[in-house]
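Chemist: sharing a model prediction with you, sequence too.
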Amino acid sequence: FFFFSSRRRHTRSSLVSWARRCVQETGINAEYMGYQFSIKMSRAVLGTFEEYQKERVKFVQTIAELARQPQNIEALQGAGVMNLLRPLLLDNVPSIQQSAALALARLASYSAEIAEAIVSNQVLPQLIDSLAKQNRFYKKAAAFVLKSVAKHSEHLAQSVIDAGALDALVTCLEEFDPNVKEGAAYALACIAKHTNPSLAEEVAKAGAIEQLALCIQDPETSLKKVATMALSEIAKHNAELADRIANNAGTLRVLTGCLADRDWELRQYACTCLANVAKHNEDLAQKVSNADLFTRLINCIKDEKEKVQRQAVLCIKEIAGQSIDLARMVCDVGGVTPYIVEYLTNAPGVAKLQAIMTLGFIAGFDHDLSKSVVACKGHIALVGALKTVSEDHIKAAAAWSLGQIGRHSSELAKELAEQGVLNELLVAYMAAEEKGDLKTKSKRALKSIIQQCQELDALRPLLEIAPEKVMKHVVSQMAIILKSNQAVRRPFAEKGGLKKLQEIKAAPESKLHSAINEIHDLFPPEVTQHYSPEYMNTLLKKIEDYKPQEQQHYQFH
């Protein structure tokens, strides 16, 4: 204090010498300087680690961002990014773990090869093991990885199951955070969606159905959509899985309620899920069906979104096709048929298929249900589809449905004939590939309608163009009509039917030849001869051979 309080001016050298003397006389100042030195050293070490952490964060975030673009994936894979990301899943910084998981998910989503690499590098056990220990952000990213791997193939989905993911994912469905539950539900849906039902059965055994059913009651719309989709993927495989969903308390009721939700995707997924439950047997279809369901399905058919319309029609098809009682419920209680016909009339090409099948299932059960389809102009819509659609499988479905309508009675066959159905079916049959489904379906439909048809005027045009395989059914039915009704024989001959029959070149002892002979026997021989192709030539030949007798001429005076 004296030194610094002194008024005299000191030189630099004197100040330095005074400081040295103080350090020598007391050890406190030396300890203080050592403490300052250690602080400087600690800061240098921490700075190194902080810099390393910053670089790790920067690296993993950049990789995650690059993985967004498909054109970068192969370059990243070639650079060995998988081996660099794997240790970062165990990093002590949570944000680095999350970014590493996100990058892996995006890489795995790109191709099955990268997903295989993730499985072969034993990333999944490491990922699943840390699911229970990490925060909600990491859990969401980890579920994204599992979904991205499982979606590619049955083999990869089985690898996810073998790694022990199911229990971890079902546990995530119990989380409070809806984003975590959504990610887990999506991963379960990707496991269950494959054609192998054992995968979906494994998902069900893990207790996923009950948790997913709770998720569809969650207020978060995005979670409800994914949970409904996952239930649909499980239900589609077999009746046992669908029955577990149907018997879970309140699930079908909640799904029916989703049909009126404001979100169109949720309405679509709910229609699909109910259809996948109902399609397996009559009992499940009965559980799905109620008056409220049909009211809401009608609203979905009238929805502005085409995907919602299509899935609503699919749901009705799966219900109506199970039994005659359910088909009647659809027509009578539900009053759905007119809306199906309207949808069929307005829907674009491929989208017509489910409506066509629905009308075919309803009409196929009995005469009254077929009449209800005809009363709604369903047969006209089906003929329109047969004419306008270019896809053979849809034409085949339309032909099948028309056959289902016409096979019940002569009354219905007449309705179809008046709309030109026979001619359109014949055109489709002749244009179809040999042994194709369209050829088979159109031929069966023609046979079914022809065998019920009692109108010769409807059958007669077919004599002009029908090939022999169809002609034999046409002529056989004509023989039956002419045998049973004598009054139609004269108009048949006058309108050229008998003449056309005799122009047909049928192989001896064939069914067609036998049917033609049956018709010939119903007319007098001279009438048959009159309408034969050779009759006019015979008459003309007689003119050539005819020699008139000489007449005597008398002269009168």
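Modeler: In hand now; what should we look at? Residues are numbered from 1 along each chain as shown.

Chemist: if I look at Ser109, what pLDDT would I see?
Modeler: On pLDDT, Ser109 comes in at 87.

Chemist: wait, Ala275 sits on Val313?
Modeler: No. Ala275 lies out of contact with Val313 (CB atoms under 8 Å); the separation is 9.4 Å. The C-beta positions use only the backbone N, C-alpha and C, and glycine is treated the same way.

Chemist: and stretch 76-94, average pLDDT?
Modeler: On average, stretch 76-94 scores 82.

Chemist: and the end-to-end length of it?
Modeler: 23 Å (CA to CA, to the nearest Å).

Chemist: name the residues that touch that stretch?
Modeler: 53, 56-57, 59-60, 63, 66-67, 96-97, 99-101, 103-104, 107, 114, 117-118, 121, 123, 126-127, 130, 134-135, 137-138 (CB atoms under 8 Å, 6 or more residues apart in numbering).

Chemist: ditto for stretch 382-396
Modeler: With contacts defined as CB under 8 Å, 6+ apart, stretch 382-396 is touched by 344-345, 349-350, 352-353, 356, 359, 398-399, 401-402, 405, 419-421, 424-425, 428, 432-433, 436-438, 440-442.

Chemist: again with stretch 220-231
Modeler: Counting by CB under 8 Å, 6+ apart, residues outside stretch 220-231 touching it are 178, 181-182, 185-186, 188-189, 192, 208-209, 212-213, 215-218, 245, 251, 255, 258, 261, 263, 265-266, 269-270, 272-273.

Chemist: Gly257 and Leu124, how far apart?
Modeler: 37 Å (CB to CB, to the nearest Å).

Chemist: of the two, who's got more company?
Modeler: A count of neighbours by other CB atoms under 10 Å puts Leu124 above the other of Gly257 and Leu124, at 20 against 15.

Chemist: filter the contacts of stretch 76-94 down to the buried ones.
Modeler: With burial judged by 16 or more other CB atoms under 10 Å, the buried subset of those is 56-57, 59-60, 63, 66-67, 96-97, 99-101, 103-104, 107, 114, 117-118, 123, 127, 130, 134, 137-138.

Chemist: so what's the residue count around Asp376?
Modeler: To be clear, residue 376 is Cys; Asp isn't right here. Cys376: 19 neighbours (other CB under 10 Å).

Chemist: go on, Asn299?
Modeler: With other CB under 10 Å as criterion, Asn299 counts 15.

Chemist: neighbour count: Ala275 and Val313, which is higher?
Modeler: Neighbour count, other CB under 10 Å: between Ala275 and Val313, Val313 has more, with 29 against 24.

Chemist: check contacts around the more buried one.
Modeler: Contacts of Val313 were listed using CB under 8 Å, 6+ apart, and they are 301, 340, 343, 354-355, 358.

Chemist: so it is in which element?
Modeler: Using DSSP states H and E, Val313 sits in helix 306-320.

Chemist: from the chain's centroid, how far away is that helix?
Modeler: 11 Å (CA atoms, centre = their mean, to the nearest Å).

Chemist: mind exporting stretch 428-442 as CSV, just the C-alpha atoms?
Modeler: Provided in CSV are the C-alpha atoms of stretch 428-442 (Å, rounded to 0.1, in the frame of the first residue of the first chain):
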residue,chain,number,x,y,z
ALA,A,428,-66.0,-57.6,-76.3
TYR,A,429,-65.8,-61.4,-76.7
MET,A,430,-64.6,-61.1,-80.3
ALA,A,431,-62.0,-58.4,-79.5
ALA,A,432,-60.6,-60.1,-76.4
GLU,A,433,-57.4,-62.1,-76.4
GLU,A,434,-57.7,-65.9,-76.6
LYS,A,435,-57.9,-67.5,-73.2
GLY,A,436,-58.1,-64.1,-71.5
ASP,A,437,-60.3,-63.3,-68.6
LEU,A,438,-62.4,-60.9,-70.7
LYS,A,439,-63.1,-63.6,-73.3
THR,A,440,-64.2,-66.1,-70.6
LYS,A,441,-66.4,-63.6,-68.7
SER,A,442,-68.1,-62.2,-71.8
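
Chemist: what's next to it, contact-wise?
Modeler: Residues contacting stretch 428-442 (CB under 8 Å, 6+ apart): 386, 392-393, 395-397, 399-400, 403, 425-426, 443, 446, 465, 467, 470.

Chemist: just the buried residues out of these, in PyMOL syntax.
Modeler: Buried members of the contacts of stretch 428-442 can be picked out in PyMOL with the line below, counting by 16+ other CB under 10 Å:
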select buried, resi 386+392+395+396+397+399+400+403+425+426+443+446+470
